[in-house]
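K.L.:
next input, structure requested:
(2 chains)
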Amino acid sequence: MSAELALFLLLAALAVAGAVSLILQRHPIHSALSLIVVMVSLAGLYLLLGAEFIAAVQIIVYAGAIMVLFVLVIMLLNAGVEERTNLSRMAQYAGLPLGIFLMVLLAYAIGRSTVSQAPPAAAAAGPAPTKALAMMLFQDFVFPFELTSILILIAILGALVLAKREI
Amino acid sequence: MVPISYYLVLSAVLFGLGVVAFVFKRNIITIFMAIELMLNAVNLAFVAFSRALGQLQGQVFVFFVIVVAAAEAAVGLAIIILIARNRQSLNVERVDLLKL
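P.N.:
Prediction:
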């Protein structure tokens, strides 16, 4: 077993364990910390896939900014242990089998598809991946990139208006 | 070299776990976290395909997905604060105004 495969299996096990822990924990803050484990191990997987920039953004934006926002809100609202209510029957009896069915179906379809059989393409020649990504982002995708600034502006305004005590 | 299908299967498993968490959890913040988990699973598939095809468009898409997720988290958490203020509870079963 090559070192890369071992690293992949380790990170994948960590990610799946974090996701399972997110479901099993009853306190939202524990779920949030489990989600951070998933995100950090996904950043490791991005590094294995040769996407350094995305790995850095994953750590900085997801594990950093977004999860800090989540933890802040959990603490602000003083969210306690999830109260045990009678789950809706559909969620109780159909949720788990359907979720597992979805997982198996997706895994089966991926296993049969042709793209997953093809050997991975060699790393693209030319400039370093991050530089090529920047070229693409600021040349081919410059219009959507500029649109995201408007999206974020609207999101900031929306969050401010919503969370204000009186309008 | 790890086959690309391993990454895709991991992505499918994480997405399925996100769906299960979305259906099972009763706390509105945890449900929101399940959505983030599903977005992460899709991002992994994007990066894996980007690697498999030797093109960078997938990584650009992941970048945009992360931007949209950040905006979504900001607005969604503001809505959650409003709900908690009005209902004094984070349980989604208490938010039943539209239920028959």
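
K.L.:
going by neighbour count, list what's buried in stretch B:55-72.
P.N.:
Buried residues in stretch B:55-72, counted by 16 or more other Cβ atoms under 10 Å in any protein chain shown: B:56, B:58-64, B:66-67, B:69-72. To be clear about C-beta, it is placed using only N, CA and C from the backbone, and glycine gets the same treatment.

K.L.:
can you name the next helix or strand after the helix or strand bottoming out on mean pLDDT in chain A?
P.N.:
Averaged element by element with mean pLDDT, DSSP states H and E, chain A has its least confident helix or strand at helix A:89-90 (a mean of 66). Note on helix A:89-90: by DSSP states H and E, the next helix or strand toward the C-terminus is helix A:96-112.

K.L.:
what is that following helix packed up against?
P.N.:
helix B:4-24 (3 or more Cβ pairs under 8 Å, 6 or more residues apart in numbering or on different chains; DSSP states H and E).

K.L.:
the helix it packs on - contacts with which helices or strands?
P.N.:
Packing contacts for helix B:4-24, counted by 3+ Cβ pairs under 8 Å, 6+ apart, involve helix A:3-24, helix A:28-48, helix A:96-112, helix B:28-53.

K.L.:
now the longest one against helix A:3-24, angle please.
P.N.:
This points to helix B:28-53. Orientation check (axes from the mean of the first three to the mean of the last three Cα atoms, to 10 degrees): helix B:28-53 against helix A:3-24 gives 160 degrees.

K.L.:
got the angle for helix B:28-53 vs helix A:28-48?
P.N.:
Comparing the axes of helix B:28-53 and helix A:28-48 via the same axes, to 10 degrees yields an angle of 10 degrees.

K.L.:
report the next helix or strand after helix B:28-53 in sequence order.
P.N.:
Sequence-wise, the next helix or strand downstream of helix B:28-53 (DSSP H and E) is helix B:57-87.

K.L.:
I'd like the average pLDDT over that next one.
P.N.:
Helix B:57-87 carries an average pLDDT of 91.

K.L.:
picking up where we left off before, need the helices and strands packed on helix B:4-24 in JSON lines with distance to residue A:60, mean neighbour count and mean pLDDT, can you?
P.N.:
Output for the helices and strands packed on helix B:4-24, formatted as JSON lines (distance: least, Cβ to Cβ, whole Å; neighbours: other Cβ atoms under 10 Å in any protein chain shown; pLDDT from 0 to 100):
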{"stretch": "helix A:3-24", "distance to residue A:60": "19", "mean neighbour count": "17", "mean pLDDT": "93"}
{"stretch": "helix A:28-48", "distance to residue A:60": "10", "mean neighbour count": "21", "mean pLDDT": "93"}
{"stretch": "helix A:96-112", "distance to residue A:60": "29", "mean neighbour count": "15", "mean pLDDT": "81"}
{"stretch": "helix B:28-53", "distance to residue A:60": "14", "mean neighbour count": "22", "mean pLDDT": "92"}
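
K.L.:
how much space between residue A:102 and residue A:80?
P.N.:
Per Cβ to Cβ, to the nearest Å, residue A:102 is found 31 Å from residue A:80.

K.L.:
residue A:165 in helix, strand or coil?
P.N.:
Following DSSP: H, G, I helix; E, B strand; the rest coil, we place residue A:165 in the coil state.

K.L.:
I'd like the average pLDDT over whichever strand or helix holds residue A:159.
P.N.:
According to DSSP H and E, residue A:159 maps onto helix A:142-163. Helix A:142-163 carries an average pLDDT of 92.

K.L.:
what residues does that helix touch?
P.N.:
A:137-138, A:167, B:64, B:67-68, B:70-72, B:74-75, B:77-79, B:81-82 (Cβ atoms under 8 Å, 6 or more residues apart in numbering or on different chains).

K.L.:
quick check: the farthest pair among those residues?
P.N.:
Maximum pairwise distance in the contacts of helix A:142-163, criterion Cβ to Cβ, is 38.5 Å, between A:138 and A:167.

K.L.:
so these two - more neighbours on which side?
P.N.:
residue A:138 (11 against 5; other Cβ atoms under 10 Å in any protein chain shown).

K.L.:
who's in contact with the more buried one?
P.N.:
Residue A:138 neighbours (Cβ under 8 Å, 6+ apart): residue A:145.
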